[in-house]
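> I would like to see how this sequence folds:
(2 chains)
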Amino acid sequence: DAGVIQSPRHEVTEMGQEVTLRCKPISGHDYLFWYRQTMMRGLELLIYFNNNVPIDDSGMPEDRFSAKMPNASFSTLKIQPSEPRDSAVYFCASSSYPGQGGQETQYFGPGTRLLVL
Amino acid sequence: QKEVEQDPGPLSVPEGAIVSLNCTYSNSAFQYFMWYRQYSRKGPELLMYTYSSGNKEDGRFTAQVDKSSKYISLFIRDSQPSDSATYLCAMSPSGGYNKLIFGAGTRLAVHP
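Here you go, the predicted model:
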């Protein structure tokens, strides 16, 4: 399996521009997560989906952020308009339900490094 | 106060040393405890997980959980330069899926 695929790997944009990050989860996984990692705040969960349905978006910083999962093999995270403080590494991860008593393992993609000037 | 506290380091040790990485937490509901390893410019990958208190060993790695002290540790024996990475602890209140709470990560450098 190719693992979780993210694109682009790097993105440099100017303040005010729209940014779209893309993720292809591992086939067969029914959970998908979007995280943001910065030096100051560490790894933060932004939103997660189960079977393409958003379950918890309490980590989404503000209305400028939105995420969609139109089907089981694709998800997007959009920032509009972008601001310099959005500069971070954004990770997508996926997992499958382990069954009762088990603990799910999240598999992370390589991340997208976003720099907003 | 953060739910999970982890010293960011950096920690620099010579090859062959025993490394001890630690996290403390405040939420007594946490039951599952994980250690992720993150190489530079890569995504985190699960290294080990333990349930409740006790020890778990996997090769050169040992994970310990002390729920009474709300303290978890990861020990690396005979450390190698290839162990150089950031180690993040993570925890959740129960099995199945629950939101993982990550520590800030400790950067480890093992020099030859």
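> All the strands of chain A, residue numbers only.
Assigned by DSSP state E, the strands in chain A fall at A:5-7, A:10-13, A:19-24, A:31-38, A:42-50, A:53-56, A:65-71, A:74-79, A:88-95, A:107-108, A:112-116.
> To chain B, which of those lies closest?
Across the strands of chain A, chain B has its closest neighbour in strand A:107-108 (3.1 Å, Cβ to the nearest Cβ). For every residue, glycine as well, the C-beta is placed using N, CA and C.
> partners of the closest one, with directions?
strand A:88-95 (antiparallel) (DSSP bridges).
> Minimum distance to chain A, which residue of chain B gives it?
Of all residues in chain B, B:Gly43 sits closest to chain A, with a separation of 3.1 Å (Cβ to the nearest Cβ).
> Can you tell me, leaving aside adjacent residues, what's nearest to that residue?
Using Cβ to Cβ, 6 or more residues apart in numbering or on different chains and skipping the chain neighbours, the partner closest in space to B:Gly43 is A:Phe108 (3.1 Å).
> who's in contact with that neighbour?
Listed by Cβ atoms under 8 Å, 6 or more residues apart in numbering or on different chains, the contact set of A:Phe108 reads A:Val4, A:Tyr35, A:Phe91, A:Cys92, A:Ala93, B:Gly43, B:Pro44, B:Glu45.
> Go again with 6 Å.
A:Phe91, A:Ala93, B:Gly43, B:Pro44 (Cβ atoms under 6 Å, 6 or more residues apart in numbering or on different chains).
> circling back to that earlier point, look at the residue of chain B closest to chain A and say how many residues are nearby.
Look at B:Gly43: counted by other Cβ atoms under 10 Å in any protein chain shown, it has 22 neighbours.
> can you check B:Gln80 too?
B:Gln80: 12 neighbours (other Cβ under 10 Å).
> go on, A:Lys78?
For A:Lys78, using other Cβ under 10 Å, the count is 15.
> cool, B:Cys89 as well?
As a burial measure, B:Cys89 scores 27 neighbours (other Cβ under 10 Å).
> Close to chain A: what parts of chain B are there?
B:Tyr32, B:Gly43, B:Pro44, B:Leu46, B:Tyr49, B:Gly95, B:Tyr97, B:Lys99, B:Phe102, B:Ala104 (Cβ under 6 Å from any Cβ of the partner chain).
> How about the third one, nearest residue that isn't a chain neighbour?
The spatial neighbour of B:Pro44 that comes closest, neighbours along the chain excluded (Cβ to Cβ, 6+ apart), is B:Tyr36 at 3.9 Å.
> The helix or strand the one you found falls within to strand A:31-38, inter-axis angle?
B:Tyr36 belongs to strand B:32-38 when assigned by DSSP states H and E. Put simply, strand B:32-38 runs at 60 degrees to strand A:31-38, going by axes from the mean of the first three to the mean of the last three Cα atoms, to 10 degrees.
> The next helix or strand after strand B:32-38: which residues count as buried?
Next in sequence after strand B:32-38, counting helices and strands by DSSP H and E, comes strand B:45-51. With burial defined by 16 or more other Cβ atoms under 10 Å in any protein chain shown, the residues of strand B:45-51 counted as buried are B:Leu46, B:Leu47, B:Met48, B:Tyr49, B:Thr50.
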